[in-house]
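1. Predicted model follows, preceded by the sequence.
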Amino acid sequence: MNELIIKNGIVFDPLNNIKDEKKDICIRDGKIVDDVKNPKILDVNGLLVFPGGVDGHSHIAGAKVNSGRLIRPEDGRRSLKPKTSITMPSSGYSVKNVFSEGYDYSIMGYTTVVEPAMPPLSAIHTHEELRDIPMLDKLSLTLFGFNWFVMGYVSRGEIDKLAAYVAWMLKRTRGYGIKIVNPGGGENWKWGKNVDSLDDQVIHFGVTPREILNDLMKVNEILDLPHPIHVHTNKLGQPGNYNITVDTMKLASGFETQRGREPLHITHVMFSSYGGENWKTFDSKADEIAREVNSNKFITVDVGQLMFGDTTTMTADGYLEFNLQKLTGFKWSNSDTELETGGGVTPVIYSPTVPVNVIQWAIGLEAALLINDPYQVWLTTDHPNGAPLTRYPEIISLLMSKEKREKEILQVNNAVNKRAILPSLDREYEWNEIAIITRAAQANSYQLRDKGHLGIGADADVTIFDIKPNEIDPSKDYDKVEKAFSAAKYTIKGGEIVVKDGQIVKVVSGKTYWTNAEFDEYYELIEDDLKDWFANYYTVNLDNYGVNDVYLTNPCMIRTNPTIGSRVRLA
Amino acid sequence: MRVITLNLKYDGSIPVEAETITPDSFSDKSKEEIEELSLYLGNKVVKLREIFDVSVEGSNTGIDDVKIIIKGNAYRIKRIGEGMTGGEILVEGNVDMRCGSMMRGGKITIKGNADSWTGQEMVGGEIIIEGDAGNYIGSGYRGALNGMSGGKITIKGNAGLYLGEKMNGGEIVVEKDADMLAGLEMSGGKITIKGNAIMPGGEMTGGDIIVMGTVIDRLPTFKYLGKEIIDNANFEKYVGDLAMRRAKGSLYIKAP
Ligand SMILES: [Zn+2]
């Protein structure tokens, strides 16, 4: 038996309503238990104890990340660390190598990370990279937003076939849930166009973004998937897009789910909260977005915070990357993934002297500060789109300190005072709220029952930060906060100490979760379509498509209870 | 002045990564400490004393009065002088790639030939190559936005391909010929080629290229502006590379 007790920590465990309590945590064989007999003792004497961090949206694996690495060798030479007796070499700042993704997250106290954009055709590549990322439990979301099968079934109103297709695809790609990027618009981009509203039609298919979103939201519920549909909105990254974002959020309004989870998640909302008609009149509409979130319990968002510096942007929204590249003149890659999806990659430099960038920076913080319920807003940078993952500690200190924000505001372009509202916001996050936006909310939204909390039976993923919450004032000591979150005193993964004093001391390989939503005779429903389309339009044979468990480290299947097939007949 | 002489005793063909050989790193170290510095030989860490015999004369007060002399044929020793901010390095023979890359100040003199990427992304200081130079002298790292942005490189022999690629400041002088595409993608700074050049200025958007010899295959995307006199000599001035947006590069070719 492998036992450990963490003594005298100041524990914040929001999902179990534990807040600022001096409490011992007992661990046996990788799980939190109520009692231990002969444990190894870790006395952390007043230090801050959180559940292991959960990042619900971070591009860490797959074709896009790799094309970022390929077109940016100059990024790869940054943050170099040689191999040690236990760790592999590290490289890269915004497009890191797989090993350093795992190490860097673990050093910051994260234990679970979601890759949010897996093109089905590159599922093999995605899982091969995930397999090589150490230290973390991993999930990936499969892209469906402008897939030809999806749009075909939506246009013909064949929702049972759509459900069957999604279930089949999640199994074939070992995906965890439904990701939707620029619904319908991605297909129009293949014709050099886009969509402008939820009711614009997709070329050839005749369906609209609204129909795609509605039907996939229904299917998500029919299949009893653990996570909401995860949506990158239409017109993302364009001035004046906040309207379509609010319209998209309203689609979820009133949609009750059996699992009690919200039906729709809007990702990296910073990029979708823009006002103005063009880049000259560009301003923040974070207040409008927050107003909708605060009155609509059916949605969650994640921030997608932008931080100044250079980074690499990557998304399945090829239109967006094309336009960004037109503005910067930097190198760019675009891809068209056959019948499924597409994407683009381009580097970007966010400058504190450029008004647009300063307003973008403010929008993310505003969204986090204006949304009342921290369970509705996760902390992300949409790594690496807004900033590389290593910038999280700085963002946490900004959320916890108005003084720090005021100091920053003095350093940046004055547009922040005219076309954003950040300077007027007084809210300062508390420790408990930080634990929610970096852990509890995300575990909750993915319904990872063993993650994001420290209750009995949870996975023993724990972070201990080198800071005493009762002895410092985060609104004044923001530098200490940033330092503490940059390098955990201890990260415990599955009951083992993997980081000590900000250094990797043990390398472990995590689990990979995926969702099995098969229902009776689901394959027969779509078999003819699959055979026909694969034979006629795909470059791969149906039998060679997707992955199986061999590609996953410690595969962990989540079985759902679809209300379709023999259980429930759809009308 | 403190003179540190490194006598090369390594004669293998596996390259040695020697970015720790700089006046900055030697300045406050004793002979013994210098001998203990780590270098990479291929993928293995070795001590400097395994590659060089070290001798030290005199003393120094700062980086600027440190002089490093490298004796022997250092054609497999890479990254000498990387990032140096002052002082002097004299390489008596040849040197391998990336000598003086990211250099900020001081002076490097190479008596023999310098391999590719010498002075890559240098910001300041001076490099003199008395022999021939390889490709990508004063350029950017693969994929980088900018190459050399300050300082001066003088090549007394010939220069290889892509001289000053992505350069956006500083100066390069080549006494003899430059191979294809000198000033490729350059956006600032000045390249003077006293001999001949092939297709200079491809995709340049700014800066000056002056060719005193013959230009072979001048790119058709340069527009003739007229005659201009530089240092009492007649030149034909072109602007380009007009294949690029908003290109304002100047190409001066000596009038026949
Ligand atoms: Zn994203």
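-> Everything's here; your move. Numbers count the residues shown, from 1 in each chain, chains lettered A, B, ... in the order given.

2. C-alpha from now on. contacts and neighbour counts both.
-> OK.

3. that's a helix at residue A:186, yeah?
-> Yes: remark: residue A:186 belongs to a helix, assigned using DSSP: H, G, I helix; E, B strand; the rest coil.

4. any idea of the pLDDT on it?
-> Looking at residue A:186, its pLDDT stands at 94.

5. any idea how far chain B is from it?
-> When distance is defined by CA to the nearest CA, to the nearest Å, residue A:186 is 28 Å away from chain B.

6. shouldn't that residue be in contact with residue A:342?
-> Yes: counting by CA atoms under 8 Å, residue A:186 does reach residue A:342; the two are 7.0 Å apart.

7. Spell out which residues are contacts of both of the two.
-> A:316-318 (CA atoms under 8 Å, 6 or more residues apart in numbering or on different chains).

8. So which of those is the closest to chain B?
-> Nearest to chain B among these: residue A:318, at 21.4 Å, using CA to the nearest CA.

9. Separate out the buried members of the shared contacts of residue A:186 and residue A:342.
-> A:316-318 (16 or more other CA atoms under 10 Å in any protein chain shown).

10. What does residue 97 show for phi and psi?
-> As the question left the chain open, I've gone with chain A. phi -80, psi 160 (degrees, to the nearest 10).

11. Chain B is the one I meant
-> phi -60, psi 160.

12. Based on its surroundings, how many neighbours for residue A:31?
-> Here the number of neighbours of residue A:31 (other CA atoms under 10 Å in any protein chain shown) works out to 21.

13. and the stretch 301-450 of chain A, which of its residues are near chain B?
-> Residues of the stretch 301-450 of chain A found near chain B (CA under 8 Å from any CA of the partner chain): none.

14. All the helices of the stretch 301-450 of chain A, in order from the start?
-> A:318-328, A:355-370, A:392-400, A:402-411, A:415-418, A:431-435, A:441-445 (DSSP state H, counting those that start in this stretch).

15. With the stretch 51-200 of chain A instead?
-> Counting by DSSP H, counting those that start in this stretch, the stretch 51-200 of chain A has helices at residues A:63-71, A:73-76, A:98-107, A:123-132, A:148-156, A:159-173, A:185-189.

16. And chain B, by the same measure?
-> Listed in chain order, the helices of chain B (DSSP state H) span B:23-26, B:31-35, B:48-51.

17. Tell me which of the ones you listed lies nearest to chain A.
-> helix B:48-51 (18.4 Å).

18. Please spell out which residues along the closest one are buried.
-> Per 16+ other CA under 10 Å, helix B:48-51 contains these buried residues: B:48-49, B:51.

19. I'd like the shared contacts of residue A:186 and residue A:342 as a markdown table, with pLDDT appended.
-> A markdown table is the format used below for the shared contacts of residue A:186 and residue A:342 (pLDDT from 0 to 100):
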| residue | pLDDT |
| --- | --- |
| A:316 | 92 |
| A:317 | 93 |
| A:318 | 92 |
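
20. ok, then the element right after the strand or helix carrying residue A:535?
-> Counting by DSSP states H and E, the element that carries residue A:535 is helix A:522-536. Note on helix A:522-536: by DSSP H and E, the next helix or strand toward the C-terminus is strand A:555-559.

21. and that next one, average pLDDT?
-> 95.

22. Which neighbouring elements make contact with that strand?
-> Applying 3 or more CA pairs under 8 Å, 6 or more residues apart in numbering or on different chains; DSSP states H and E, one finds that strand A:555-559 contacts strand A:512-516.

23. what residues does the strand it packs on touch?
-> By CA under 8 Å, 6+ apart, strand A:512-516 touches A:137-140, A:167, A:170-171, A:174-177, A:225-226, A:552-560.

24. Report the buried members of those.
-> A:137-140, A:167, A:170-171, A:174-177, A:225-226, A:552-553, A:555-557, A:560.

25. still on that earlier bit, residue A:186 and residue A:342: which has the busier surroundings?
-> Between residue A:186 and residue A:342, counted using other CA under 10 Å, the more crowded position is residue A:186 (29 against 25).

26. and the gap between the more buried one and residue B:137?
-> According to CA to CA, to the nearest Å, residue A:186 and residue B:137 sit 43 Å apart.

27. now residue A:185
-> Using CA to CA, residue A:185 is found at 45 Å from residue B:137.

28. Same question for residue A:507.
-> Residue A:507 is 41 Å from residue B:137, by CA to CA.

29. For the closest residue to residue A:82 other than its chain neighbours, the count of nearby residues, please.
-> Once flanking residues are discounted, residue A:82 sits nearest to residue A:89: 4.6 Å by CA to CA, 6 or more residues apart in numbering or on different chains. Residue A:89: 14 surrounding residues under other CA under 10 Å.

30. Wait, residue A:89 touches residue A:80, no?
-> Yes: taking CA under 8 Å as the definition, residue A:89 is a contact partner of residue A:80 at 7.4 Å.

31. Same drill for residue A:507 and residue B:137, tell me which one is more crowded.
-> residue B:137 (33 against 20).

32. May I ask you to confirm that that one is in contact with residue B:164?
-> Yes: if you go by CA under 8 Å, residue B:137 and residue B:164 touch, sitting 5.7 Å apart.

33. What ranges does the stretch 151-300 of chain A have for its strands?
-> A:177-181, A:229-232, A:264-266, A:299-302 (DSSP state E, counting those that start in this stretch).

34. what lines up beside the shortest one in the sheet?
-> Each strand pairing with strand A:264-266, determined using DSSP bridges, is listed with its direction: strand A:229-232 (parallel), strand A:299-302 (parallel).

35. if we can go back for a sec, and the helices of the stretch 51-200 of chain A as TSV, adding distance to residue B:75?
-> Output for the helices of the stretch 51-200 of chain A, formatted as TSV (distance: least, CA to CA, whole Å):
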stretch	distance to residue B:75
helix A:63-71	30
helix A:73-76	25
helix A:98-107	33
helix A:123-132	37
helix A:148-156	58
helix A:159-173	51
helix A:185-189	52
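
36. Out of those helices, which is the most enclosed?
-> Mean neighbours per residue, mean count of other CA atoms under 10 Å in any protein chain shown, is largest over those for helix A:185-189, with a mean of 26.

37. List of residues touching that one?
-> Outside helix A:185-189, the residues that touch it by CA under 8 Å, 6+ apart are A:145-146, A:193-195, A:202-203, A:209, A:234, A:316-319, A:341-342.

38. for it, the distance to its chain's centre please.
-> Taking CA atoms, centre = their mean, to the nearest Å, the mean C-alpha location of helix A:185-189 is offset from the chain mean by 23 Å.

39. cool, and stretch A:184-191?
-> With CA atoms, centre = their mean as the basis, stretch A:184-191 stands 23 Å off its chain's centre.

40. Only the buried subset of the contacts of helix A:185-189, as a ChimeraX command please.
-> Applying 16+ other CA under 10 Å to those, the buried members can be selected in ChimeraX as follows:
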select /A:145,146,194,195,202,203,209,234,316,317,318,319,341,342
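
41. remind me which residues of the stretch 401-550 of chain A are low pLDDT?
-> Scanning the stretch 401-550 of chain A for pLDDT under 70 picks out no residues.

42. Tell me the helix or strand right after the helix or strand residue A:485 falls within.
-> Using DSSP H and E, residue A:485 sits in helix A:478-486. Where DSSP H and E defines the elements, the next helix or strand beyond helix A:478-486 is strand A:490-493.
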